[in-house]
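Chemist: here are the coordinates; sequence isn't available:
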């Protein structure tokens, strides 16, 4: 059954995204032009940015086939994920949603998940337990944070998709053989089908819809995994697994607010992957090098998923190495400008 889910999800995603590529050329839909003034733009050809549809579709259809289980978790993921995906897809379609509306829909999706599943971050590890009036808003903040963390690293072919694929696969290995495992397999298949067209040539982009949806699903499955007493997974596993997108967001907020003196909400071209591109001059190489860098940390988090001290140590080591590499890339950029 596992093989059928993976193959079926990949095939569904591949065929659907091939259709989107054809439709975008014929009807000029979901196209991210090469002449846009976005500071994060690095592509040179008009490219459809609706690859998230191919990832969402197999997950959605698999979820529908499991509705008979009457799982509150399934209902929560389906409704919450649908709202979050829609907020990004509308933006991909005509760029008409303001950041505040998108944030509202993300909060609505996260709130729907918490309400329907009755899952939130109670246990933070190190014997720290949160009461509902703190844990619920903190959980909502964490979900929205991961949604935007995946979106913020979505800048080069295969980068966000590659990180999400590895993270989803490692979560699946820890999830057992139940309904959650089936959903994760369908998601893995969808990501694989998308990556076949996204890396290395970039025939289609993930788009905000895809990035938001992947971030949401990773967030809620990590909440389910780390708050499940039967699995005994440390709450710090989520940070250890997603330390790269997590730290990219934290560091970007710090850099914009205290270094550049600009709004933390405004996009820029100072992210780690953007600075690395100035050195590699290659879209796929940039993503490949970063994946090689972050994969050992993600696998380490999987191996030590129950050891909170080891996960904290991993996070500290990553942040240190990231900072040293970032400073080196900044010096390289300044040298090139001279």
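Modeler: Alright, I've got the coordinates. All figures in this text were calculated on a predicted structure; none of them were measured in a lab.
Chemist: what is the neighbour count of residue 219?
Modeler: Neighbours of residue 219 under the rule other C-beta atoms under 10 Å: 25. C-beta coordinates here come from the backbone N, C-alpha and C atoms, glycine included.
Chemist: do the same with the one 5 residues further on
Modeler: Neighbour count for residue 224, taken as other C-beta under 10 Å: 20.
Chemist: distance of it from residue 183?
Modeler: The gap separating residue 224 from residue 183 is 10 Å, by C-beta to C-beta, to the nearest Å.
Chemist: report the distance from stretch 53-67 to the chain centre.
Modeler: 18 Å (C-alpha atoms, centre = their mean, to the nearest Å).
Chemist: shift numbering so it begins at 779
Modeler: Got it, first residue is 779 now, which makes that one stretch 831-845.
Chemist: in it, which residues are buried?
Modeler: 831, 832, 833, 834, 835, 836, 837, 838, 840, 841, 844 (16 or more other C-beta atoms under 10 Å).
Chemist: dump those to a markdown table, plus distance to residue 1029 and secondary structure.
Modeler: Putting these into a markdown table (distance: C-beta to C-beta, whole Å; DSSP: H, G, I helix; E, B strand; the rest coil) gives the following:
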| residue | distance to residue 1029 | secondary structure |
| --- | --- | --- |
| 831 | 31 | helix |
| 832 | 31 | helix |
| 833 | 27 | helix |
| 834 | 29 | helix |
| 835 | 34 | helix |
| 836 | 34 | helix |
| 837 | 30 | helix |
| 838 | 34 | helix |
| 840 | 36 | helix |
| 841 | 35 | helix |
| 844 | 39 | coil |
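Chemist: which member of these is positioned nearest residue 1108?
Modeler: Proximity of those to residue 1108 was ranked by C-beta to C-beta; the top entry is residue 833 with 33.6 Å.
Chemist: spatially nearest residue to the closest one (excluding sequence neighbours)?
Modeler: residue 968 (3.9 Å; C-beta to C-beta, 6 or more residues apart in numbering).
Chemist: and what of residue 944?
Modeler: Using C-beta to C-beta, 6+ apart, the closest residue to residue 944 is residue 1076 (5.6 Å).
Chemist: ditto for residue 859
Modeler: Nearest one to residue 859, counting by C-beta to C-beta, 6+ apart, is residue 994 at 5.3 Å.
Chemist: got a pLDDT number for that neighbour?
Modeler: The model reports residue 994 with a pLDDT of 98.
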